[in-house]
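Q: Structure, please.
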Amino acid sequence: MSEICVRVAHRLPGFDLDVAWRSPGGFTVLFGYSGAGKSLTLSALTGVFRPDEGRVSLGEIVFFDSVAGVFVPPQKRRIGYVPQGGELFPHMTVARNIGYALKGHTSAERSERVAEMLAALKIEHLRDRLPGTLSGGERQRAALARALAPKPRALVLDEPFSALDLPVRVEMRELLRTVQRELDIPVAMVTHDLYEACALADTLVVYSGTGTVQVGSPRELLADPGTPEIRRLLRAVDMPPQVFARN
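A: This is a model prediction of the structure:
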């Protein structure tokens, strides 16, 4: 499993992003206040955002290094990305949406891989449906299938379940956990739901309003918050032991 290393600094109007953390791989969840820089960090990882300074790497692959002058463009990083709404092409069927991520493959290769992903995400019955006819959970399954189709080095998700009803969220968490385990790729995800963060994370990265970052397993961080601000952020949560089954 590839280690994710992030050290980025960037000055914006009214906000300075300055974070550094590393995760051994598995499932990494970024949690914290809105506006603390979590989504911006994911953008630095995928390459759609270029920080002023820092270094971003996945295993031995360096995506960004301001000192060495390295910047790998997004299309060459091979990182699958799923935004909050999935953002499927509305005029394409589910199968065509998944196949769109397989440019450069032969028609036979695309057909085979699309069939594999439809089966893996259990959406074979949605093959010929348009996104506008799908439920929220179905759209997110299709978006996951599209992101995973090119066999990415890592998967990045920005609040992928926030618009879903609770039963569907629980179902999608279990699906995502299974997919991550079976494909054995690192996953980095942003959520504002601490229960969800603890249920999924091998490594929890807590962002606070002052830019403070603490990294560890959910159990470790809830037991021993590193700063008063992080303690306030986590204080009102009483997690049942079964939430920590993965840690």
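Q: use CA for all of it now, contacts and neighbours both
A: OK.
Q: isn't Pro74 right next to Phe49, touching?
A: No - at 9.1 Å, Pro74 does not count as touching Phe49 under the criterion of Cα atoms under 8 Å.
Q: quick one: low-confidence ranges for this protein?
A: 1, 210-211, 235-247 (pLDDT under 70).
Q: List the buried residues in the top helix by length along it.
A: Scanning the chain for the helix with the most residues, using DSSP state H, yields helix 166-183. For helix 166-183, the neighbour count (16 or more other Cα atoms under 10 Å) marks 168-169, 172-173, 175-177, 179-180 as buried.
Q: so can I have TSV of these showing distance to Pro186?
A: Shown next, in TSV, are these (distance: Cα to Cα, whole Å):
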residue	distance to Pro186
Val168	23
Arg169	21
Met172	17
Arg173	15
Leu175	15
Leu176	12
Arg177	11
Val179	11
Gln180	7
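Q: Kindly indicate which of these lies nearest Ile61.
A: Distance to Ile61 across these (Cα to Cα) is lowest for Gln180, with 20.3 Å.
Q: And that closest one, how far from Ala188?
A: 11 Å (Cα to Cα, to the nearest Å).
Q: Likewise for Gln84?
A: 14 Å.
Q: Of the buried residues of helix 166-183, just say which sits nearest to Asp193.
A: Of the buried residues of helix 166-183, the one sitting nearest to Asp193 (Cα to Cα) turns out to be Arg169, at 10.9 Å.
Q: any idea how far the nearest residue to the closest one once chain neighbours are set aside is from Ala101?
A: Distances taken as Cα to Cα, 6 or more residues apart in numbering put Phe161 closest to Arg169, at 5.8 Å, once the chain neighbours are dropped. Phe161 sits 22 Å away from Ala101, going by Cα to Cα.
Q: do Met92 as well
A: 12 Å.
Q: Can you name the residues bridging to Arg11?
A: With DSSP bridges as the criterion, Arg11 is bridged to Asp16.
Q: surely it meets Leu17?
A: Yes - between Arg11 and Leu17 there is a contact under Cα under 8 Å: 6.3 Å.
Q: what about these two, which has more around it?
A: More neighbours surround Leu17 than the other of Arg11 and Leu17, with 20 against 12 (other Cα atoms under 10 Å).
Q: returning to what we had before: so what sits against both of Gln180 and Ala188?
A: Jointly contacting Gln180 and Ala188 under the rule Cα atoms under 8 Å, 6 or more residues apart in numbering are Phe27.
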